[in-house]
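K.L.:
quick one: sequence plus predicted model below, questions after.
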Amino acid sequence: MPPPTLSSPTPHLTLTPEPLTPAAFSPFGTAITSQLPRTTTTPPPPSTLQALHPIPVLANQNSALKFSPISPLDDNYAACPSGRASAARMTMFSCFPRTLRASPRSSHRAVFDVRILERHPFTTQTFSPLDLSSQQTTGAQNVPEPYYLVIVAPSLKGSTARATTAAGEVVFVADPPDLSRVKAFVARGGQAVTYGPGTWHAPMVVVGDRRVDFLVVQFVNGVDSEDCQEVVFGEGLAVEVDRRVDGCGDGESKGVKARL
């Protein structure tokens, strides 16, 4: 069934997306990234581990560092209306590069229009990219690796929003997204993301020349309206990215700017 369309007008905001960091993303979930430099090839001295969070311990015959816990795995289906039990689910999403339209501001820019947000009210949902490096590929063309945009909005908890179904029926969406507080983040290959239960977010947005496969972990109970809720809305929300190979042609942070 197609998701309902929110009746309220879509606000127009302008912002520059932030790099995906644990602190910046904490209101919406968990940003997961290694605390070790890419060039680290042996476990650091124990005296330096106390500065990391969580503090790791040596494992695998002292050939590895174990960081635990790094992200929650929440199952809140005990509170769902149907009472149906949930089960852990691991899936793969093969996400292909999104179609972008030309920016009216510059030939170096392209725009991704955001038209839909979804949320999972009773479970966390973790996306971990596979086969995606944060480094550029080698070769004559030196083509950069794709990246992905994480677009999120908090819920207006305790409120409802009027919406209309494809059949013209008026419905009310509980805890709708606060479209005036949408945020965008740029995530690279060395990063995963966990959406907190109830966090509104755009479906994964891959920017680049090839697809990205994501390993996805969440709970489900098979009731569509409890596993995933979606809303669509009109024009006004967009993310603007730099087309240039280095991704930062005019010096903006990561070469990405969002117009929301």
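P.N.:
In hand now; what should we look at?
K.L.:
which one is the most centrally placed residue in the chain nearest to, not counting chain neighbours?
P.N.:
Among the residues of the chain, the one closest to the centroid is residue 150, at 3.3 Å (C-alpha atoms, centre = their mean). What sits nearest to residue 150 in space, not counting adjacent residues and going by C-beta to C-beta, 6 or more residues apart in numbering, is residue 185, at 4.3 Å. All C-beta spots, glycine's among them, are computed from the backbone N, C-alpha and C.
K.L.:
list the contacts of the one you found.
P.N.:
Residues near residue 185 by C-beta atoms under 8 Å, 6 or more residues apart in numbering: 17, 18, 19, 20, 24, 25, 31, 149, 150, 151, 152.
K.L.:
partners of the helix or strand harbouring it in the sheet?
P.N.:
Applying DSSP states H and E as the criterion places residue 185 in strand 183-187. Strand pairing for strand 183-187, using DSSP bridges, gives strand 18-19 (parallel), strand 147-153 (antiparallel).
K.L.:
and the helix or strand just after the first one, how far from the chain's centre?
P.N.:
The reference is to strand 18-19. Later in the chain than strand 18-19, the nearest helix or strand by DSSP H and E is helix 22-25. Computed by C-alpha atoms, centre = their mean, to the nearest Å, the chain-centroid distance of helix 22-25 equals 12 Å.
K.L.:
neighbouring strands of whichever helix or strand comes after helix 22-25 in the sheet, and parallel or not?
P.N.:
Downstream of helix 22-25, the first helix or strand assigned by DSSP H and E is strand 29-33. Using DSSP bridges, the strands paired with strand 29-33 are strand 191-195 (antiparallel).
K.L.:
pretty sure residue 34 contacts residue 189?
P.N.:
No: contact status for residue 34 versus residue 189: not in contact, 11.3 Å apart, counting by C-beta atoms under 8 Å.
K.L.:
out of the two, which sits in the more crowded spot?
P.N.:
residue 189 (17 against 12; other C-beta atoms under 10 Å).
K.L.:
pLDDT wise, what is that one at?
P.N.:
pLDDT, residue 189: 86.
K.L.:
state whether it is indeed within a strand.
P.N.:
No: the assignment for residue 189 (DSSP: H, G, I helix; E, B strand; the rest coil) gives coil, which keeps it out of a strand.
K.L.:
these two touch, right, it and residue 147?
P.N.:
Yes: counting by C-beta under 8 Å, residue 189 does reach residue 147; the two are 7.5 Å apart.
K.L.:
residue contacts, the nearest residue to residue 166 once chain neighbours are set aside?
P.N.:
Leaving out its chain neighbours, the residue that sits closest to residue 166 by C-beta to C-beta, 6+ apart is residue 2, at 4.5 Å. By C-beta under 8 Å, 6+ apart, the contact list for residue 2 reads 165, 166, 232.
K.L.:
just the buried residues from those, in PyMOL please.
P.N.:
To isolate the buried members of the contacts of residue 2 in PyMOL, using 16 or more other C-beta atoms under 10 Å:
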select buried, resi 232
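K.L.:
return the subset of the contacts of residue 2 lying in helices.
P.N.:
Using DSSP state H, no member of those falls within helices.
K.L.:
need the contacts of residue 2 in TSV with distance to residue 157, can you?
P.N.:
Listed next are those as TSV, based on distance: C-beta to C-beta, whole Å:
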residue	distance to residue 157
165	23
166	27
232	21
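K.L.:
can you read off the pLDDT for the residue nearest to residue 150?
P.N.:
93.
K.L.:
I'd say residue 91 and residue 213 touch.
P.N.:
No: Residue 91 sits out of contact with residue 213 when judged by C-beta under 8 Å, with a separation of 10.9 Å.
K.L.:
quick one, which of the two is more surrounded?
P.N.:
Neighbour tally, residue 91 and residue 213, criterion other C-beta under 10 Å: the higher count belongs to residue 213, 13 against 10.
K.L.:
appreciated, that's everything.
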